[in-house]
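K.L.:
show me the folded form of this:
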Amino acid sequence: MKKIIFFIIFLLLLSCGKNEDVANSDNSANSNKFSNNNENIKKTNNEKSTANNEKSTEEEIKNMVTIWNTASSNADFNTLERILGDKIDYYQSLVSRNYYIADQKRFFQKNPVYSQRIVGDIIVTRLSDNKMLAKFVKEVSTKRETKEYPSYLTFENVNGSWKLVVESDAVSDANIARIRQKKNNAQEKEQGRQPVIITPNKSQYYYSSSITLVGTLTHRKYQTTEIFLLRLSTPITVIGDAEDSPTETNVQEIQLMGNATLSLFDKDVLGKRVQITGELFHSHTGHHYTQVLILASNINFLN
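P.N.:
Numbering: from 1, shown residues only. Purely as a prediction, here's the structure:
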């Protein structure tokens, strides 16, 4: 009889232990689930906060465009002056705030009948942490006509306030590009008419002084980098007087640097004889592949 009683008690204790393990397991699962839910809620709230902040910034920029448009339409120069940055990229020319206001005043003197309004939506895009781009269509009405211009403004956050730093439109950009291209073509044509006076190379040159060298164009490739070189018919000596600009002798190949060399990539120039004007300098970075380089300001083809 006693054995039966002890056996029953043993079964009861075993049953309680299992129930406790199950309870602990359930509690652990619930705890993990609660923790995951908290993380998801926190993540969602952060995402909502970021989205709300972005939306708030977008509304601020749209409001700045509206302020600019109203002031520009009504010759409100005081308001324009308040929202301008110190420097403005004004139709592809960097100008001061004073110049911008003076130009607006000149414009209204010439066009006393003038108004403008925003047509359609204002599309706002973030350019960086503190710069926002606004694109829109501007309808301009003068005494002569009414026209629409796809326009854009860039605002920069300066000490907590949005300031206008870029203003232009697609039509003006296209006209400016056309004028610049026409000017470049005229300059190239004029240069082509002028006879090139060939100056023989000297045996010695100095760094950082304007010189002219005659040689043949060659090029080399270093992994992903392609460079152009001027190969001289006879070696030269380049004289220096500093640790970073030492004298170099027996210089026969000189790497070309500068904006004047960019057009070489689009032309069949290898093996051509050229006369290059520029300043010599000594190599000082891993992108310099000859001991002496030339910062070219002008390249004339001799054949």
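K.L.:
just the strands in the chain please.
P.N.:
84-90, 94-96, 114-128, 131-142, 146-158, 161-169, 204-206, 210-222, 225-239, 248-257, 273-282, 292-301 (DSSP state E).
K.L.:
TSV for the ones you listed, including mean neighbour count and mean pLDDT?
P.N.:
(Each C-beta comes from the backbone N, C-alpha and C, glycine too.) Output for the strands of the chain, formatted as TSV (neighbours: other Cβ atoms under 10 Å; pLDDT from 0 to 100):
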stretch	mean neighbour count	mean pLDDT
strand 84-90	17	93
strand 94-96	14	88
strand 114-128	14	94
strand 131-142	17	94
strand 146-158	17	94
strand 161-169	19	94
strand 204-206	15	94
strand 210-222	16	90
strand 225-239	16	92
strand 248-257	17	94
strand 273-282	20	92
strand 292-301	18	91
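K.L.:
to E60, which of the ones you listed lies closest?
P.N.:
Distance to E60, taken as Cβ to Cβ, is lowest for strand 161-169 among the strands of the chain, at 6.3 Å.
K.L.:
re the thing from before, out of the strands of the chain, which gets nearest to S72?
P.N.:
strand 114-128 (6.0 Å).
K.L.:
list the contacts for the residue nearest the centre of the chain?
P.N.:
Taking Cα atoms, centre = their mean, the centroid of the chain lies closest to L127, which sits 9.5 Å from it. Listed by Cβ atoms under 8 Å, 6 or more residues apart in numbering, the contact set of L127 reads 133, 154.
K.L.:
how about a markdown table for the strands of the chain, with distance to I67 added?
P.N.:
What follows is the strands of the chain, written out as a markdown table (distance: least, Cβ to Cβ, whole Å):
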| stretch | distance to I67 |
| --- | --- |
| strand 84-90 | 11 |
| strand 94-96 | 20 |
| strand 114-128 | 12 |
| strand 131-142 | 12 |
| strand 146-158 | 11 |
| strand 161-169 | 10 |
| strand 204-206 | 57 |
| strand 210-222 | 50 |
| strand 225-239 | 48 |
| strand 248-257 | 46 |
| strand 273-282 | 49 |
| strand 292-301 | 45 |
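K.L.:
quick one: closest of these to N175.
P.N.:
Among these, the nearest to N175 by Cβ to Cβ is strand 161-169 (9.8 Å).
K.L.:
other SSEs contacting that closest one?
P.N.:
Judged by 3 or more Cβ pairs under 8 Å, 6 or more residues apart in numbering; DSSP states H and E, the packing partners of strand 161-169 are helix 2-73, helix 77-83, strand 84-90, strand 131-142, strand 146-158.
K.L.:
other residues contacting that strand?
P.N.:
60-61, 64, 68, 83-85, 87-92, 131-132, 138, 149-157.
K.L.:
switch to 7 Å and redo it
P.N.:
Strand 161-169 has contacts (Cβ atoms under 7 Å, 6 or more residues apart in numbering) with 60-61, 64, 68, 83-85, 88-92, 138, 149-156.
K.L.:
the closest residue to Q92 other than its chain neighbours and R144, how far apart?
P.N.:
Spatial nearest neighbour of Q92, chain neighbours left out: I176 (5.3 Å); criterion: Cβ to Cβ, 6 or more residues apart in numbering. For I176, the distance to R144 equals 22 Å [Cβ to Cβ, to the nearest Å].
K.L.:
more neighbours: those two, which one.
P.N.:
Ranked by neighbour count (other Cβ atoms under 10 Å), I176 and R144 place I176 first, with 14 against 8.
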